[in-house]
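[1] Below are the sequence and a predicted model; questions follow.
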Amino acid sequence: MSLLSKKISELQERTARAVQGGGENAVAKQIAMGKLPARERINKLLDEGSFYEYDLFIEHEAREFGMEKKKLAGDGVIIGTGTIHGQPVAIYAQDFTVAGGSLGSMHARKIAKIMDYALRMRIPLIGINDSGGARIQEGVNSLAGYGEIFFRNTMASGVIPQISVILGPCAGGAVYSPALTDYVFVVDKISKMFITGPEVIKSVLGEEIDMESLGGARVHCETTGNAHFFAESEEECFSQIKELLSYLPAHNQDHPAPRKPAEPNKKYKIDKIVPVDPTTPYDVRDVIRALTDESEFIEVQEMWAPNIVIGYGRMQGRTVGFVANQPMVLAGVLDCDSSDKAARFIRYCDAFEIPIVTLEDMPGYLPGVDQEHAGVIRHGAKLLYAYSEATVPKVTIILRKAYGGGYIAMNSRHLRADFVFAWPMAEIAVMGPEGAANIIFRKEIMESENPEAMRKQKVAEYKEKFANPYVAASKGYIDSVIVPGDTRKFILHALDVSRNKVVKRPSKKHGIPPF
Amino acid sequence: MTNKDESQDKTDLREISEVSDAVLMSNDPVVFDTRIQVHENGRRYKTTFTRKFRERKIWEKPDTNELRSILPGSIASVLVKPGDTVKKGTKLMIYEAMKMKNIIAAPFDAVIESVEVKKGDTLPKGALLVRLKPQEASGRKRRGK
């Protein structure tokens, strides 16, 4: 045996040992929990054979509690680069089979290293989380590790897309890395996220709750809004990630790879989808599908605050971000959660130069004590802030209802929409006809011999006069009243025209959005 | 290697605001009017409650067989009666709220156990509308739309 082949076989032996992770038993346990081993996850997510691993031979630094005698393969995390649809990405995956995927200082340093690569090379970062938390034996060093990761998440925010995939527990401080990233993917029954677990909650507050109801995938998709994509299986989750990435640029000065332009599917007929009667609900996602190439639309946060719909589609091959009121849910009202949801999405689109199309059909902000006390003023303001701040091309279509504060908030001309178009059945007014007539004609109604008849008459008068798009059109607040069937044509032209849009803003360190 | 639950319990408890080391008095948290004490390994912590905390709603497992109003509004029409068998997505009633005739649909295949409202009723948010009895055969997998 030559010296070289001896050296090579030593490398192969070392590699074979390291890639075993926590060993056969631990891997079998991982599979029994319904989870894929970490390396398999990476291979399934990335293009076949494209993964290059770094820091395989890292050793941990713990010297207390007998840890010095333990070998931990790769210190419980796999890092590397590869491609998805041929586009480079950086990735790390915590390996639960190695010390429960616990985060020690070298583990954290590996993650920090791949994050630095991703930011320097301006490529998307994907983090697969599956960890029991901080490695207690490493004490404050493991806390320091988390801090290094959070700082990098923040620095990379708005520069490269950051995706978190929760494929196991992610508890305590560890949850803040996903929370700082752009998109969080969860899988039913596998993902668990919480700051304090059921045990602590029980012992401190006496409240009893199981782990799934506290921080399972469904909870984070429906109730907390922490997660953006829900999947039934890891495979489904990986295909969601690939699809999302196809809409995003690699970094904030890049453009998403354009596709061949295509027409929407003929089955989505825009004038058949939206009922003329403004009190009849419909699914606004069908309107979006009637506008996008091949009627494709990837919805973000589908299950949280579904009274507003956000997501990506393509128009003439280019990525467009959609924000749309959903009349089918909660009458499409704006409230704390829907404002929060849309505001963050708008800022995302703005950061990555993705034009925003807004479809407006909403009765206003949701009234109620719980909304007021939940801070609808503060949350609602986020929406105004995000739209005002965004400098990407912004196009608004008013389909039916545009009342009150909601009219202003939904990317109105006044917040610097580039183009505002309204359908002929649009109702743009300070408030709904019933409420407005009751206030304006209060005296006439009260003094009338038949107040109910008078009220009806005044409501009808108000409707006739103000519940239309022409008052706003007469002031130039909307650019054109358009036939619904022409909507795609008008949006495409507006986006074409705004391609070289230039906006000058006062220089500042950063604004103070109502976080 | 790590004992997730135990180790995190300790950290989290300390974050509640440590006041003094004291003798462990019992295993249950002692809840006072405005204060809470919690102990861990013979240590005791005190903290002051905010009003918001005191008045918070204790979490209860929601009964998914009850459909409740999602907005303050009124019943425009009731389309089912007790005993009816409905499929997931069947329209149960039209609920008028926020200038919209909202459709209340069955979230899963079920039999209508009771209808708690009638046409014309004006309701606050959270009022009980319909009680359902799930039909097990079809499975109850939901994806929350």
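    Done, it's in.
[2] Convert stretch A:440-453 to CSV, retaining C-alpha atoms only.
    Extracted C-alpha coordinates of stretch A:440-453, given in CSV (Å, rounded to 0.1, in the frame of the first residue of the first chain):
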residue,chain,number,x,y,z
ILE,A,440,-74.8,63.0,8.7
PHE,A,441,-78.6,62.9,8.6
ARG,A,442,-79.1,62.3,12.3
LYS,A,443,-81.3,65.3,12.8
GLU,A,444,-83.4,64.7,9.7
ILE,A,445,-83.9,61.0,10.7
MET,A,446,-84.8,61.8,14.3
GLU,A,447,-87.2,64.6,13.4
SER,A,448,-88.9,62.7,10.7
GLU,A,449,-92.4,61.2,11.2
ASN,A,450,-91.2,57.9,10.0
PRO,A,451,-87.5,57.7,11.1
GLU,A,452,-87.0,54.2,9.6
ALA,A,453,-88.2,55.2,6.2
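[3] Not counting it itself, show me its contacts.
    A:Ala437, A:Asn438, A:Met454, A:Arg455, A:Lys458, A:Tyr462 (Cβ atoms under 8 Å, 6 or more residues apart in numbering or on different chains). The C-beta positions use only the backbone N, C-alpha and C, and glycine is treated the same way.
[4] host element of the fourth one?
    When you say that, I think you mean A:Arg455. helix A:451-466 (DSSP states H and E).
[5] Tell me who's in contact with A:Gly364.
    A:Val333, A:Leu334, A:Tyr403, A:Gly404, A:Gly405, A:Gly406, A:Tyr407, A:Met431, A:Gly432, B:Met98.
[6] Kindly write the ChimeraX command that selects the buried subset of the residues you listed.
    Selecting only the buried entries of those in ChimeraX, with 16 or more other Cβ atoms under 10 Å in any protein chain shown as the criterion:
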select /A:333,334,403,404,406,407,431,432 /B:98
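[7] Next step: the contacts of A:Gly364 restricted to helices.
    A:Gly404, A:Gly405, A:Gly406, A:Tyr407 (DSSP state H).
[8] Closest to A:Lys189 out of the residues you listed?
    A:Gly406 (37.9 Å; Cβ to Cβ).
[9] What distance do you get for that closest one to chain B?
    11 Å (Cβ to the nearest Cβ, to the nearest Å).
[10] where along the stretch 251-400 of chain A do the strands fall?
    For the stretch 251-400 of chain A, the strands defined by DSSP state E, counting those that start in this stretch cover A:297-300, A:308-315, A:318-325, A:356-362, A:394-403.
[11] mind putting those in TSV, distance to A:Ser339 and mean pLDDT included?
    Putting the strands of the stretch 251-400 of chain A into TSV (distance: least, Cβ to Cβ, whole Å; pLDDT from 0 to 100) gives the following:
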stretch	distance to A:Ser339	mean pLDDT
strand A:297-300	15	98
strand A:308-315	8	98
strand A:318-325	11	98
strand A:356-362	11	97
strand A:394-403	16	97
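[12] of those, which approaches chain B most closely?
    strand A:394-403 (6.7 Å; Cβ to the nearest Cβ).
[13] any idea how far that closest one is from the chain center?
    Offset of strand A:394-403 from its chain centre (Cα atoms, centre = their mean, to the nearest Å): 22 Å.
[14] How about it and chain B, any contact?
    Yes: on the criterion Cβ under 8 Å from any Cβ of the partner chain, strand A:394-403 is in touch with chain B at A:Lys401.
[15] show me where pLDDT drops low in chain B?
    Where chain B drops to pLDDT under 70, the residues are B:1-46, B:137-145.
[16] repeat that with 50
    Applying pLDDT under 50 to chain B picks out residues B:1-34, B:138-145.
[17] Which residue ranges of it form strands?
    Here chain B has its strands, by DSSP state E, at B:30-31, B:35-40, B:43-48, B:66-68, B:73-78, B:85-86, B:91-97, B:100-105, B:110-115, B:122-123, B:128-134.
[18] Check which strands are paired with the fifth one and give the direction for each one.
    To tie it back to what came earlier, the one meant is strand B:73-78. Its sheet considered, strand B:73-78 pairs with strand B:91-97 (antiparallel), strand B:122-123 (antiparallel) by DSSP bridges.
[19] which residues touch the longest one?
    Counting by Cβ under 8 Å, 6+ apart, strand B:91-97 makes contact with A:279, A:331, B:67, B:69-80, B:86, B:101-106, B:112, B:117, B:129-130, all of which sit outside it.
[20] on that earlier part again, ok, and which of the strands paired with strand B:73-78 has the densest surroundings?
    strand B:91-97 (a mean of 20; mean count of other Cβ atoms under 10 Å in any protein chain shown).
[21] Pick out the most distant pair among the ones in helices among the contacts of A:Gly364.
    Longest span within the ones in helices among the contacts of A:Gly364, Cβ to Cβ: A:Gly405 and A:Tyr407, 7.2 Å.
[22] any idea which helix or strand of chain A has the worst average confidence?
    Of all helical and strand segments in chain A, the minimum by mean pLDDT, DSSP states H and E falls on helix A:198-205, at a mean of 84.
[23] list the helices and strands it packs on?
    Contacting helix A:198-205 under the criterion 3 or more Cβ pairs under 8 Å, 6 or more residues apart in numbering or on different chains; DSSP states H and E are the following elements: helix A:211-215, helix B:4-15, strand B:35-40.
[24] If we use 6 Å, what do you get?
    For helix A:198-205, the elements it packs on are helix B:4-15, judged by 3 or more Cβ pairs under 6 Å, 6 or more residues apart in numbering or on different chains; DSSP states H and E.
[25] Between the two ends of stretch A:281-291, how far is it?
    19 Å (Cα to Cα, to the nearest Å).
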